[in-house]
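*Asks:* Test case, fold it:
(chains A and B)
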Protein chains: 2
Amino acid sequence: MSEANNLRVVLRSRPPGLPTLDNFGLVEDAVPEPGLGEVLLRTRWLSIEPYMLLGMKGAAPHSPKRGLDRLAGLANLYLGGVQLGATMYGPTISQVVTSRNDRFAEGDVVVAYSGWQRYAVDDGSTLLKIDNDRLPLTAWLGVLGIPGFTAYVGMKRIAQIKPGDTVVVSAALGPVGSVVGQMARIAGARAVGIASGAEKCRILVEELHFDAAVDRLAPNLPDALASVCPGGIDVYFENAGGAVWWAVFPLLKEFARVPVCGLASKYSGVGKDAGEDRTMEVLERILLFRIRIEGIFVFDHWALESEFRRDVSAWVADGRVQFREDIVDALDAAPGALISVLNGRNKGKLLVRVTP
Amino acid sequence: MSEANNLRVVLRSRPPGLPTLDNFGLVEDAVPEPGLGEVLLRTRWLSIEPYMLLGMKGAAPHSPKRGLDRLAGLANLYLGGVQLGATMYGPTISQVVTSRNDRFAEGDVVVAYSGWQRYAVDDGSTLLKIDNDRLPLTAWLGVLGIPGFTAYVGMKRIAQIKPGDTVVVSAALGPVGSVVGQMARIAGARAVGIASGAEKCRILVEELHFDAAVDRLAPNLPDALASVCPGGIDVYFENAGGAVWWAVFPLLKEFARVPVCGLASKYSGVGKDAGEDRTMEVLERILLFRIRIEGIFVFDHWALESEFRRDVSAWVADGRVQFREDIVDALDAAPGALISVLNGRNKGKLLVRVTP
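*Replies:* Residues are numbered from 1 along each chain as shown, chains lettered A, B, ... in the order given. Predicted coordinates for the structure are as follows:
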């Protein structure tokens, strides 16, 4: 494989449950030529995120966004899923190699949505130029990127946290969950994280200053969670589903808010839910406790973007929001990295360094 | 039984499922004497509402309200449930017989929360004096009472209906559901009612001007509902649960709002939900379609009271909100009336005429 060629990771088949390496293919072809108004990008960093499995499974059941320019293009990219044979989608940090667009110069560093490839041509409409050099570049894929924005939207628009709230977040050491917990602390709320394994729990408490952490794999998760939430739960930021949901559910208090951001247990599609249907029990608790449950899709809330970047970059700068990264090298490691994320093996935001 | 005595319906035992006449007792005793600051009320009309079954089953799992004066007293009355041996609770239209309270004079007509009895002593703190004689008195227990207010809160605070929305409501001919549908029409939305039996469906469309009505007992409810909601459902006002929920669920659109007001199928406690657990399927749809589900308890939204009475009394006056009543005579008919409501046999707001 020559560095002078393009290299792309494509979707070869759709996974019924969790993906395997067989679902991906590696294609080497010519570097594309930018047309008038376009730029040629070289990928430096690639972000690996769990929702990419949804894209692998096909188009989302949303209606396409219309008439929102940059935002519409971006949302539709995500909503459309990945076609068989097409390049895997996803955000990157890229550098402009050649520009035929007045808004960009050679050498500019941008957040792009150009996917799992070494080079890409882009019309510039969805590019965000990074001109803040006080923060590490990779922050723009994590705390200042879609994951951080997702946390911000969920906490601001749906959770509406108040001082004294007990906020529980699952997949707490992930790039969304870790921002959720730290935002809870900033707002004067109590942050309780759920993560798999003792080491992740240790990091949550010792390094990210969560008030408590619970091991998802604990022998009795409901009791373990109840013991660190003696007054119940005001906000549950849902990234997990399955057994974690059922541990949280009986602890939800009056007026609890539940932003639904992800369902890792469901993404995997492994095993059906066991036991008789409990949906009416959930609806009854929603009624009696006046609970609000709402789904988050960050592209619905783009109006918050500048407020988000202002707040979170300030919090990162003053150390109140910390972030952790797991880095793997080279584009061909991306499929394995996604599989690793979906199996909960990462201990921070997973990034692929495409260009050293 | 002498008219000169008090007569009360008390709770004799808690029903495991739907109540039976055996759960109630009738007690005749002396008319109580009002103390200083109190009034003696004679009940004219008694309202029968499905949630009374919850009170019969015991205290609600809410935390008591504090420091909200009239509202706190009222909310706690409902939240506390009915003690064994105590008088059944509920709103009434009553007349002041004797007043030892400066705010009320003999002959005043009030909305009271004095329960299933002929006479009651009240300190006046929760009484609402009725001084509007343009509307029938009984409206204050229905469209202008807790049922109408519940519909109003759900539509204003949770559903936030927009012109063009398709609004589906279950138990549509009940006093809550009929206001929901008529408010939808007033807002320029499409109103689809679900009710049991062809006659109720006819009334919804012909008399209350719903755009469509679907028989809950139709052989294939999901298909029947889908056929009158070809573009999907924007708002589902949940009064039913069970099979009605599952007919609605696959039709919920992006950004659908689901105020949860009641679960008639669950109140009855008859039969468990069949089949495997579908909770994760519900959460996934909430996520992918960014659906909001939220419970309503009218006492949480008392600040809307004056706006509610202004709007709904205007709508009743100009005929845009119509209401239907089913009237039964005499206090000892109240238990049978509640059983009838819980079995969906009423075709309008059920009222007991206590004093002819």
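
*Asks:* which residues touch whatever residue of the stretch 101-250 of chain A ends up closest to chain B?
*Replies:* Relative to chain B, the nearest point of the stretch 101-250 of chain A is A:Gly241 (5.2 Å; CB to the nearest CB). From N, CA and C alone the C-beta is placed, and that goes for glycine too. Residues in contact with A:Gly241 (CB atoms under 8 Å, 6 or more residues apart in numbering or on different chains) are A:262-266, B:280, B:283-284.

*Asks:* Grab the nearest non-local neighbour of it.
*Replies:* A:Leu263 (3.6 Å; CB to CB, 6 or more residues apart in numbering or on different chains).

*Asks:* For that neighbour, give me its contacts.
*Replies:* Residues in contact with A:Leu263 (CB under 8 Å, 6+ apart) are A:238-242, B:280, B:283-284, B:287.

*Asks:* Return the closest of those with respect to B:Asp133.
*Replies:* Ranked by distance to B:Asp133 (CB to CB), the contacts of A:Leu263 are led by B:Leu283 at 50.7 Å.

*Asks:* how many neighbours does the closest one have?
*Replies:* Applying other CB atoms under 10 Å in any protein chain shown, we find 26 other residues in the vicinity of B:Leu283.

*Asks:* Which neighbouring elements make contact with the helix or strand encompassing it?
*Replies:* Following DSSP states H and E, one finds B:Leu283 within helix B:279-288. In terms of contacts (3 or more CB pairs under 8 Å, 6 or more residues apart in numbering or on different chains; DSSP states H and E), helix B:279-288 is packed against helix A:242-248, strand A:252-260, helix A:264-267, helix A:279-288, strand A:292-295.

*Asks:* Comparing the ones you listed by mean pLDDT, which bottoms out?
*Replies:* Among those, helix A:264-267 has the lowest mean pLDDT, at a mean of 73.

*Asks:* Can you confirm whether that helix lies near chain B?
*Replies:* Yes. Counting by CB under 8 Å from any CB of the partner chain, chain B has neighbours in helix A:264-267: A:265-266.

*Asks:* Measure how far that helix is from the centre of its chain, please.
*Replies:* Chain-centre distance of helix A:264-267: 14 Å, with CA atoms, centre = their mean, to the nearest Å.

*Asks:* what does it rub up against?
*Replies:* A:18, A:50-51, A:53-54, A:170-171, A:239-244, A:342, A:344, B:280, B:283-284.

*Asks:* List buried members of these by neighbour count.
*Replies:* A:50-51, A:53-54, A:170-171, A:239-242, A:244, A:342, A:344, B:280, B:283-284 (16 or more other CB atoms under 10 Å in any protein chain shown).

*Asks:* what does the stretch 151-300 of chain A put close to chain B?
*Replies:* So the stretch 151-300 of chain A meets chain B at A:238, A:241-242, A:245, A:254-255, A:260-263, A:265-266, A:272-280, A:282-284, A:286-297, A:300 (CB under 8 Å from any CB).

*Asks:* Following the chain past the helix or strand of chain A at the bottom of the mean pLDDT ranking, name the next helix or strand.
*Replies:* Within chain A, confidence by mean pLDDT, DSSP states H and E is lowest for helix A:70-79 among all helices and strands, at a mean of 66. On the C-terminal side of helix A:70-79, the closest following helix or strand by DSSP H and E is strand A:92-99.

*Asks:* Direction included, what does that next one pair up with?
*Replies:* Strand pairing for strand A:92-99, determined by DSSP bridges: strand A:39-47 (antiparallel), strand A:109-112 (antiparallel).

*Asks:* now, of these, which is deepest in the fold?
*Replies:* Among the strands paired with strand A:92-99, strand A:39-47 has the highest mean neighbour count (mean count of other CB atoms under 10 Å in any protein chain shown), at a mean of 24.

*Asks:* So what's the gap between that one and the chain middle?
*Replies:* Relative to its chain's centre, strand A:39-47 lies at 19 Å (CA atoms, centre = their mean).

*Asks:* ditto for stretch A:19-32
*Replies:* Stretch A:19-32 has its C-alpha centroid displaced from the chain centroid by 23 Å (CA atoms, centre = their mean).

*Asks:* Can you list the buried residues in it?
*Replies:* Of the residues in stretch A:19-32, A:19, A:23-24, A:31 count as buried by neighbour count, 16+ other CB under 10 Å.

*Asks:* Quick one: end-to-end length of that stretch, please.
*Replies:* Stretch A:19-32 has its terminal residues 29 Å apart, counting by CA to CA, to the nearest Å.

*Asks:* and it, average pLDDT?
*Replies:* Taken as a whole, stretch A:19-32 has an average pLDDT of 96.

*Asks:* contacts for that stretch?
*Replies:* With CB under 8 Å, 6+ apart, stretch A:19-32 has contacts from A:1-2, A:4-15, A:40, A:53, A:56, A:88, A:119-121, A:332, A:334-336, A:338-339, A:342.

*Asks:* Keep only those of those residues that are in helices.
*Replies:* A:53, A:56, A:334-336, A:338-339, A:342 (DSSP state H).

*Asks:* Pick the one among the buried ones among the contacts of helix A:264-267 closest to B:Arg353.
*Replies:* Closest to B:Arg353, out of all of those and judged by CB to CB, is B:Leu283, at 46.8 Å.

*Asks:* I'd assumed A:Tyr236 was in contact with that closest one.
*Replies:* No. Contact criterion CB atoms under 8 Å: B:Leu283 and A:Tyr236 do not qualify, at 11.3 Å.

*Asks:* residue ranges with poor pLDDT in the stretch 151-300 of chain A?
*Replies:* Within the stretch 151-300 of chain A, the ranges that satisfy pLDDT under 70 run A:267-274.

*Asks:* Tell me who's in contact with the nearest residue to A:Val111 once chain neighbours are set aside.
*Replies:* Of all residues not flanking A:Val111 in the chain, A:Leu128 sits nearest, at 4.3 Å (CB to CB, 6+ apart). Neighbouring residues of A:Leu128 by CB under 8 Å, 6+ apart: A:110-111, A:140.
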